[in-house]
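> How does the following fold in three dimensions:
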Amino acid sequence: QVQLVESGGGLVQPGGSLRLSCAVSGFTLDRYGIGWFRQAPGKEREGVSCISSRGSSAYYADSVKGRFTISRDNAKKTVYLQMKNLKPEDTAVYYCNTGVRAAKGSWGQGTQVTVSS
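I've put the predicted structure just below:
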């Protein structure tokens, strides 16, 4: 059974940092690119960052460029999203996913990130 489980969210003050983790099981991680997405209250889900299967290339949305860093450890079957200089507008539920599962509308529970003083 394919599973991607997000963790690491929480409440943080503006300017703070968090590292999200995405633990995968049920498929061979090093064959797939993985994306991080987020959905804020009342807004549509948006792509934040993605990383290629071997980690050689990454993409960032303009809103997070220079503040977020995506990485992966295929041996540990985990993908990370390091978030620094967090802003209130980063508040959202964060999800990780493969492109195929995202296109099918199959999502995990996500992890809540709240940036507030």
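> lowest confidence element among the helices and strands of the protein?
Within the chain, judged by mean pLDDT, DSSP states H and E, the helix or strand with the poorest mean is helix 99-104; its value is a mean of 92.
> How far does that helix sit from its chain's centre?
Averaging C-alpha positions (C-alpha atoms, centre = their mean, to the nearest Å) puts helix 99-104 15 Å from its chain's average.
> hey, C-alpha coordinates of whichever helix or strand comes after that helix in CSV?
Toward the C-terminal end, the helix or strand that comes next after helix 99-104 (DSSP states H and E) is strand 111-115. Extracted C-alpha coordinates of strand 111-115, given in CSV (Å, rounded to 0.1, in the frame of the first residue of the first chain):
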residue,chain,number,x,y,z
THR,A,111,0.8,18.4,8.7
GLN,A,112,-0.4,21.8,10.0
VAL,A,113,2.0,24.7,10.0
THR,A,114,0.9,27.8,11.8
VAL,A,115,3.0,31.0,11.8
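> Enumerate the positions of strand 111-115 that are buried.
Of the residues in strand 111-115, Thr111, Val113, Val115 count as buried by neighbour count, 16 or more other C-beta atoms under 10 Å. Using the backbone N, CA and C atoms, a C-beta is placed for each residue, glycine as well.
> Among the residues you listed, which one lies nearest to Lys43?
Using C-beta to C-beta, Val113 comes nearest to Lys43 of those, at 13.9 Å.
> show me what contacts Ser7?
Leu20, Ser21, Ala23, Thr111 (C-beta atoms under 8 Å, 6 or more residues apart in numbering).
> What about the residues you listed, which are in helices?
Among the contacts of Ser7, DSSP state H puts none in helices.
> and which of these is nearest to Cys50?
Leu20 (13.7 Å).
> can you pull up the bridge partners for that closest one?
When bridges are called by DSSP bridges, Leu20 pairs up with Leu81.
> That one contacts Gly9, doesn't it?
Yes: the pair Leu20 / Gly9 is scored as a contact, 6.5 Å apart, by C-beta atoms under 8 Å.
> And these two? Which one has more around it.
Between Leu20 and Gly9, Leu20 has the larger neighbour count (other C-beta atoms under 10 Å), namely 25 against 19.
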